[in-house]
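S.K.: Kindly generate the corresponding structure for this input.
(chains A and B)
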There are 2 protein chains.
Amino acid sequence: MADNNSLNALIEALRRLPGVGVKSASRMAFHMLQHDREGAQLLAQALQQAATRIRHCNMCHTFTEGEVCGTCLDASRDRTKLCVVETPADQAAVERTGAFKGLYFVLMGKLSPLDGIGPKDIGVSKLFSRATQGEVQEVILATNFTAEGEATAHVLGEALKQRGLKVTRLARGVPAGSELEYVDLGTIAHALVDRREK
Amino acid sequence: MADNNSLNALIEALRRLPGVGVKSASRMAFHMLQHDREGAQLLAQALQQAATRIRHCNMCHTFTEGEVCGTCLDASRDRTKLCVVETPADQAAVERTGAFKGLYFVLMGKLSPLDGIGPKDIGVSKLFSRATQGEVQEVILATNFTAEGEATAHVLGEALKQRGLKVTRLARGVPAGSELEYVDLGTIAHALVDRREK
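M.R.: Take a look at the predicted model:
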């Protein structure tokens, strides 16, 4: 396929997608060219439009097309509670529960010193100024329960407490619907430590 | 994310890629927007360019930007042998072996009556006219050894033999470097039936 510059360029470009290697990229390119040229054009337009139009919300740092996102503009939400998540996908997960009516702050990442991702690379200073604007009374840390997410929660929690805010973390414990026999030991140990009165 | 039309459009467009569901599509979109906007623009251009420029080779039906692809134009290749493969990826695999110096015909698919893919949907009539142009003496069927690939090889083989051509099929047998203990029974059975004199 040495004479096929457009095809090679497409395969190379597809490889920039996360989790796509050279085999998947070839499969995607062949599929689009053989069965879905309309989809290829559509994807090209969508990429161009998203890359030019989408920016970060001035309040919560999530992706939005306006100055401030729809959630932050929603007057019916509780402005005293701020839920800190790593990504828009995490925000969507919390939102789907319907159990939280406050506002969000999306870090767009997590602290990860090994990958060279420090406080400046995620929106930490933006979070501090947002949380200390006056309205916010409680910050709920909802970063993931991975090593990096826990470290991020720890660092943010300490800094926010110093600024006089009430800081909470999502409860750790046994997942809904699960049998103790099949739950890992670390989770059971956490559930014991964090046990609550009935 | 109800107010985020460009983002939703991008996620929907990414879902048209084969093997990409809504979770992967979101992950890809977030990654591109957060970490690789240049890559997003690049992919958009590559898609557009490929979708408009790439067509099928007049001789072998593979993807190419010209009338005829580089392989078919190559005067040093043996024009009496035609290797029939399902996809450009399969062609590339045969080509990497360096063991074949003839020309190819790429079906761009396989017969699959259950999915409604008949002889018209793959380049069968184009193959017949190509194979009977006079130069070709032997057609090597190198479709995959799946149920559909085998059926395709059978149908093509019968039709090409009727047209007076010599038709061969890739050998089935024990893969290079493998131990019999770990090879499946069907493969060993085929290797026994197709055994060759030493």
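
S.K.: any idea how far residue A:68 lies from chain B?
M.R.: 10 Å (Cβ to the nearest Cβ, to the nearest Å). (Glycine included, C-beta is placed from N, CA and C.)

S.K.: quick check, that residue in a helix?
M.R.: No: the assignment for residue A:68 is coil, going by DSSP: H, G, I helix; E, B strand; the rest coil, so no helix is present there.

S.K.: For it, list the residues it contacts.
M.R.: Shown here is residue A:68, whose contacts under the criterion Cβ atoms under 8 Å, 6 or more residues apart in numbering or on different chains are A:57-59.

S.K.: Then residue A:74?
M.R.: Residues counted as contacts of residue A:74 (Cβ under 8 Å, 6+ apart): none.

S.K.: State the distance from residue A:131 to residue A:80.
M.R.: As for residue A:131, its distance to residue A:80 is 11 Å (criterion: Cβ to Cβ, to the nearest Å).

S.K.: between those two, who's got more neighbours?
M.R.: Set residue A:131 next to residue A:80 and count neighbours by other Cβ atoms under 10 Å in any protein chain shown: residue A:131 wins out with 22 against 12.

S.K.: What values do phi and psi take at the more buried one?
M.R.: Backbone torsions for residue A:131, taken as degrees, to the nearest 10, come to phi -70, psi -20.

S.K.: Grab the CA positions of the helix or strand of chain A with the lowest mean pLDDT and hand them over as PDB.
M.R.: Evaluated with mean pLDDT, DSSP states H and E, the helix-and-strand set of chain A has its lowest mean pLDDT in helix A:185-193, which scores a mean of 87. C-alpha atoms of helix A:185-193 as PDB (Å, rounded to 0.1, in the frame of the first residue of the first chain):
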ATOM      1  CA  LEU A 185     -11.100  -8.000  51.300                       C
ATOM      2  CA  GLY A 186     -10.000  -4.400  51.000                       C
ATOM      3  CA  THR A 187     -13.600  -3.300  50.300                       C
ATOM      4  CA  ILE A 188     -14.900  -5.300  53.300                       C
ATOM      5  CA  ALA A 189     -12.300  -3.800  55.500                       C
ATOM      6  CA  HIS A 190     -13.300  -0.300  54.400                       C
ATOM      7  CA  ALA A 191     -16.900  -1.100  54.900                       C
ATOM      8  CA  LEU A 192     -16.100  -2.300  58.500                       C
ATOM      9  CA  VAL A 193     -14.100   0.800  59.300                       C
END
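
S.K.: can you pull the buried residues of that helix?
M.R.: When neighbours are counted by 16 or more other Cβ atoms under 10 Å in any protein chain shown, the buried residues of helix A:185-193 are found to be A:187, A:190-191.

S.K.: so which of those are also by chain B?
M.R.: Filtering the buried residues of helix A:185-193 for neighbours of chain B using Cβ under 8 Å from any Cβ of the partner chain leaves an empty set.

S.K.: Just put those residues in CSV and tack on distance to residue B:159.
M.R.: Compiled in CSV, the buried residues of helix A:185-193 are given as follows (distance: Cβ to Cβ, whole Å):
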residue, distance to residue B:159
A:187, 62
A:190, 67
A:191, 67
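
S.K.: ok, the longest strand anywhere in chain A: who's next to it in the sheet?
M.R.: Once chain A is assigned using DSSP state E, the strand that runs over the most residues is strand A:78-85. Strand A:78-85 sits in its sheet next to strand A:102-106 (parallel), strand A:138-141 (parallel), going by DSSP bridges.

S.K.: right, so of the ones you listed, which gets closest to residue A:20?
M.R.: Put simply, out of the strands paired with strand A:78-85 the one that sits nearest residue A:20 is strand A:102-106, at 24.5 Å, with distance taken as Cβ to Cβ.

S.K.: show me where chain A has strands.
M.R.: Listed in chain order (using DSSP E), the strands of chain A are A:55-56, A:63-64, A:78-85, A:102-106, A:138-141, A:166-169.

S.K.: could I get those strands as a markdown table with distance to residue B:98 and mean pLDDT?
M.R.: Formatted as a markdown table, these follow (distance: least, Cβ to Cβ, whole Å; pLDDT from 0 to 100):
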| stretch | distance to residue B:98 | mean pLDDT |
| --- | --- | --- |
| strand A:55-56 | 51 | 91 |
| strand A:63-64 | 48 | 92 |
| strand A:78-85 | 53 | 94 |
| strand A:102-106 | 52 | 95 |
| strand A:138-141 | 58 | 94 |
| strand A:166-169 | 60 | 94 |
